[in-house]
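J.: got a predicted structure plus its sequence, pasted below:
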Amino acid sequence: MKNFIKYISFACASIFALSACNDDEDIIKLDPSSVVAPKVEAQASPTIVMIEENASANAFTFKWSAAQYGVTSTPKYTLEIDKKGDNFDTPTVVTSTSATSFAITVKDLNNIANDLGIAPYTSGEIEYRIISTLGNPASQELISNVSTLKLTPYA
């Protein structure tokens, strides 16, 4: 009888513990007709000649329109850069932000250009785009248009 009560108590405690668990994850349902991808804004001077003496100066400010998801939530934007013609196969992720612009220094842009294989003191082209996500990184991505930037890096 003593063991029977012990087993019944254990079974009740187990049922209580398992029923107390629930999934608190909030799920946002999106209306596909109200979803609009971010759009890269056209810039006035898309040609940059970088000089080492200006390494800490602002080289370029990337700007884009806000993505629209049809809900009141702030999306996360990821700025990707790749060498023109590489089709973003292995892009460089520059930043992830909730803002709709990002200023990059001459030094940082020069390092990216060198990493992408643009020869120093030679004009080259990079492409950039914005990827927007709402919620976790595994959520549906909205990809902006691709824009081109001409630049000449230093060594």
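T.: Perfect, I can see it now. Numbers count the residues shown, from 1 in each chain.
J.: residue 146 reaches residue 126, doesn't it?
T.: No - contact criterion Cβ atoms under 8 Å: residue 146 and residue 126 do not qualify, at 10.4 Å. Bear in mind the C-beta positions are built from the backbone N, C-alpha and C, glycine included.
J.: residue 123 - nearest residue in space that isn't next to it in sequence?
T.: Setting aside the residues directly before and after it, residue 123 is nearest to residue 152 in space (Cβ to Cβ, 6 or more residues apart in numbering), at 5.0 Å.
J.: got it, and residue 88?
T.: Here the residue nearest residue 88, using Cβ to Cβ, 6+ apart, is residue 82, at 4.9 Å.
J.: for the one you found, give the beta-bridge partners.
T.: residue 127 (DSSP bridges).
J.: how many neighbours does it have?
T.: 19 (other Cβ atoms under 10 Å).
J.: residue 43 now?
T.: Residues near residue 43, counting by other Cβ under 10 Å, number 13.
J.: one more: residue 98?
T.: Neighbour count of residue 98, defined by other Cβ under 10 Å: 9.
J.: need the phi and psi values for it.
T.: For residue 98, the backbone dihedrals (degrees, to the nearest 10) come out as phi -100, psi 0.
J.: any idea which helix or strand carries the nearest residue in space to it that is not next to it in sequence?
T.: Nearest residue to residue 98 in three dimensions, chain neighbours excluded: residue 74, at 5.0 Å (Cβ to Cβ, 6+ apart). Residue 74 belongs to no helix or strand when assigned by DSSP states H and E.
J.: I'd guessed residue 74 sits against residue 100; true?
T.: No - Residue 74 is beyond contact range of residue 100, at 10.4 Å (criterion: Cβ under 8 Å).
J.: more neighbours: which of these two?
T.: Shown here are residue 74 and residue 100; by other Cβ under 10 Å, residue 100 has more neighbours (17 against 11).
J.: just checking, that one touches residue 67?
T.: No - with contact defined as Cβ under 8 Å, residue 100 does not reach residue 67; the gap is 9.1 Å.
J.: quick one: contacts for residue 43?
T.: By Cβ atoms under 8 Å, 6 or more residues apart in numbering, the residues touching residue 43 are 60, 63, 147, 149.
J.: of those, which belong to strands?
T.: Using DSSP state E, the subset of these located in strands is 60, 63, 147, 149.
J.: most widely separated two among those residues?
T.: In the ones in strands among the contacts of residue 43, two members sit farther apart than any others by Cβ to Cβ. They are 63 and 149, at 12.4 Å.
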